[in-house]
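J.: Predicted coordinates and the sequence they were generated for:
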Amino acid sequence: MALAVGMRVLTRSLLRPWVRGPGATPGRTGPVAGGGDCVRCFGSPRVLVEPDPAAGFAVMKMRNPPVNSLSLEFLTEMLISLEKLESDKAFHAIIITSDCPGIFSAGLDLKEMCGRDPTHYAEYWKAVQELWLRFYLSHLVVISAINGVSPAGGCLLALSSDYRVLADNPKYAIGLNETLLGIVAPFWFKDTLVNTVGHRVAERALQLGLLFPPAEALRVGMVDQVVPEDQVQSAARSVLAQWLAIPGHARQLTKTLMRKPTADRLLKERDADIQNFVRFISRDAIQKALRTYLEKLKQKKS
Ligand SMILES: CCCCC/C=C\C/C=C\CC/C=C/CC(=O)SCCNC(=O)CCNC(=O)[C@H](O)C(C)(C)COP(=O)(O)OP(=O)(O)OC[C@H]1O[C@@H](n2cnc3c(N)ncnc32)[C@H](O)[C@@H]1OP(=O)(O)O
């Protein structure tokens, strides 16, 4: 309910034409990060959408610095942008990438899961579920251009797309590292990973909280392509052409056929899953583990 209200407010206030570039003003064309001009970018403070309706796709850039952690507001803005693109017949695909150098996404925002009350945890988890369901089942082709590190929820986001291109940089590790934080990846994170890399690789990766560097990620099938860092966006665009050449209805029905059973598992137990999360995350021991982890991240700097 709160999420629905929040989304209505954000839709009204945030989804106006958005033009980027030094000195750019709304309604004008401006330069964009990848070069060229942004004809009609739109979006919200944390999500920049660069549409190319003539080519049938849009680039969705995450920009929630410093690390694109998936806060409630950020999740909500991503959902709204995705819904907007899905409801526009001009778009058949999106490329999701990051605007934060070296970071695709640091995953779920630990501050949303630490020191808050059960109502907040429930609202947050519902938004996490919603984002996954929307991306996982989107009728659009979703390509991840992974231009940075992507642990846990960042990895889940990438795994929810149809194809993953990862920049070849040893720092850009990807994986579900929840156990390293003393927490447990829920069953639908696990199912998404199993569907991608198979049971044995997933079991080992999940128990050990493995974060795979690019070559390893490619070897186990966690990503589909590893390319030099400066070619991530162009590689994602090239592969998109192949996906868009397939008759849309046939591809979409096939995607549904492959993914619906996994999504249905969560859809059938959504409320129970929220209650499980709230119970689990509220435990003193889990709260302590998360505080310690956040503290370690801070200490790493000093
Ligand atoms: C049997 C019962 C089962 C029941 C199960 C039921 C439910 C399941 C329960 C729980 C599941 C919950 C699932 C969670 C999935 C997640 O996504 S958890 C998040 C995991 N993410 C990480 O481990 C990444 C942590 N971050 C990093 O490793 C690094 O920050 C980085 C991404 C590699 C970047 O490094 P860099 O050096 O560039 O930056 P800093 O480390 O200095 O960070 C800058 C700044 O950002 C803060 N920060 C980093 N990550 C997060 C985050 N995920 N959330 C919030 N804040 C983050 C960091 O603390 C720094 O802050 P500052 O010191 O205030 O500047």
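T.: Thanks, I have the structure now. Predicted, not measured: the structure shown is a model, and the values here were computed from it.

J.: use CA for all of it now, contacts and neighbours both
T.: OK.

J.: Alpha carbons only: can I get stretch 188-208 in CSV?
T.: The C-alpha coordinates for stretch 188-208 follow below in CSV (Å, rounded to 0.1, in the frame of the first residue of the first chain):
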residue,chain,number,x,y,z
TRP,A,188,14.0,-16.9,-5.1
PHE,A,189,17.5,-15.5,-5.2
LYS,A,190,18.7,-19.1,-5.1
ASP,A,191,16.2,-20.2,-7.8
THR,A,192,17.3,-17.4,-10.1
LEU,A,193,21.0,-18.5,-9.7
VAL,A,194,20.2,-22.2,-10.1
ASN,A,195,18.3,-21.4,-13.3
THR,A,196,21.4,-19.6,-14.6
VAL,A,197,24.4,-21.7,-13.5
GLY,A,198,22.9,-25.0,-12.5
HIS,A,199,22.4,-26.7,-9.1
ARG,A,200,26.0,-27.7,-8.2
VAL,A,201,27.7,-24.4,-9.1
ALA,A,202,24.9,-22.5,-7.3
GLU,A,203,25.1,-24.7,-4.2
ARG,A,204,28.8,-24.1,-3.8
ALA,A,205,28.6,-20.4,-4.7
LEU,A,206,25.8,-19.8,-2.3
GLN,A,207,27.3,-21.6,0.7
LEU,A,208,30.7,-20.0,0.2
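
J.: Can you point out the buried residues in it?
T.: By 16 or more other C-alpha atoms under 10 Å, the buried positions in stretch 188-208 come out as 188-194, 196-197, 202, 205-206.

J.: Please list the residues of the stretch 51-200 of the chain that sit near the ligand.
T.: Counting by C-alpha under 6 Å from any ligand atom, the stretch 51-200 of the chain comes close to the ligand at 66-67, 69, 106-111, 151-153, 178, 183-186.

J.: ok, of those residues, which come out buried?
T.: Using 16+ other C-alpha under 10 Å, the buried ones in these are 67, 69, 106-110, 151-153, 178, 184-185.

J.: so S238, which of the three states?
T.: Following DSSP: H, G, I helix; E, B strand; the rest coil, S238 is assigned to helix.

J.: Can you tell me which of the buried residues of stretch 188-208 comes closest to the ligand?
T.: F189 (8.6 Å; C-alpha to the nearest ligand atom).

J.: May I ask which helix or strand of this structure has the lowest mean pLDDT?
T.: Least confident element among the helices and strands of the chain, by mean pLDDT, DSSP states H and E: strand 30-31 (a mean of 39).

J.: Helices of this protein, start to end?
T.: Secondary structure of the chain (DSSP state H): helices at 2-14, 72-86, 118-137, 153-159, 187-197, 199-208, 214-220, 232-244, 248-268, 270-282, 284-301.

J.: re earlier: out of the buried residues of stretch 188-208, give me the two with the largest separation.
T.: W188 and A205 (15.1 Å; C-alpha to C-alpha).

J.: ok, and which of the helices of the chain has the densest surroundings?
T.: Most buried of those by mean neighbour count (mean count of other C-alpha atoms under 10 Å) is helix 153-159; its value is a mean of 25.

J.: Could you write out the alpha-carbon coordinates of it in CSV?
T.: C-alpha atoms of helix 153-159 as CSV (Å, rounded to 0.1, in the frame of the first residue of the first chain):
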residue,chain,number,x,y,z
GLY,A,153,21.2,-7.8,-4.8
GLY,A,154,23.4,-6.3,-7.6
CYS,A,155,24.0,-9.8,-8.9
LEU,A,156,20.3,-10.7,-8.6
LEU,A,157,19.4,-7.7,-10.8
ALA,A,158,21.9,-8.9,-13.4
LEU,A,159,20.7,-12.5,-13.2
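
J.: show me the contacts for R279.
T.: Listed by C-alpha atoms under 8 Å, 6 or more residues apart in numbering, R279 has no contact partners.

J.: The same query, at a cut-off of 10 Å, please.
T.: 118, 121-122, 273 (C-alpha atoms under 10 Å, 6 or more residues apart in numbering).
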